[in-house]
Each structure stands twice: as structure tokens, then as C-alpha cells.
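Undergrad: sequence and predicted model, in that order:
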Amino acid sequence: MEEKQTYWQENLRLIFTCLVIWFVVSFGFGLLLVEPLNAIRIGGYKLGFWFAQQGSIYTFVALIFWYTAKMNKLDKKYEDKE
């Protein structure tokens, strides 16, 4: 039973980490820090605008793959040994 609780705590830690990263990128970079980031241009576009329009979406997709890889490792670590 303790192993299941540890597994769940590690899973929640991963979810929390993903949510924090996504919040920082979408809300922090896309809204709060948009003006300072707009001073930087990449490919002709202001960086703050890019984060607001596309950066948060790319980050979300990257987080999905990262979470999947981490959960596969976590599942193997706590795999039932029946």
C-alpha cells in the first residue's frame, strides 16, 4: 500500500511541475513579461508576442511528451511484481 502512495505522490509531483512550467510560459511570458520580451526579436517577431501566440502551445505539446516519458519510467519503477 505504501508503494502505491509513493507512486501517486511522484505522479502528482510530475503533474504539478508540468502545470507550473505551463503557467510560467503562458501567463508569465505571454502576459506579465510581454513588454520586456518584446524588446527581443526572433525571425522578425517580438518574443513576447511569439510566447503569447505560439510559445505556450509548443510548450504544452513538449510537456505532453516529457510527461509521457517520465510516466513510462515511473510505471516501470513501480511495476507490479506478481
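TA: In hand now; what should we look at? Numbering: from 1, shown residues only.

Undergrad: drop to CA atoms for contacts and neighbour counts, all remaining ones
TA: Fine.

Undergrad: which strands or helices does the host helix or strand of residue 57 pack on?
TA: Secondary structure assigned from DSSP states H and E places residue 57 in helix 56-77. Where contact means 3 or more C-alpha pairs under 8 Å, 6 or more residues apart in numbering; DSSP states H and E, helix 56-77 is packed against helix 2-23.

Undergrad: how big is the angle separating the helix it packs on from helix 56-77?
TA: If you take axes from the mean of the first three to the mean of the last three C-alpha atoms, to 10 degrees, helix 2-23 sits at 170 degrees to helix 56-77.

Undergrad: which residues are in contact with helix 2-23?
TA: 56, 59-60, 63, 67, 70-71, 74, 78 (C-alpha atoms under 8 Å, 6 or more residues apart in numbering).

Undergrad: re the thing from before, can you list the buried residues in the helix holding residue 57?
TA: Residues of helix 56-77 classed as buried: 56, 59-60, 63, 67 (neighbour count, 16 or more other C-alpha atoms under 10 Å).

Undergrad: so for it, mean pLDDT?
TA: Mean pLDDT, taken over the full extent of helix 56-77, equals 95.
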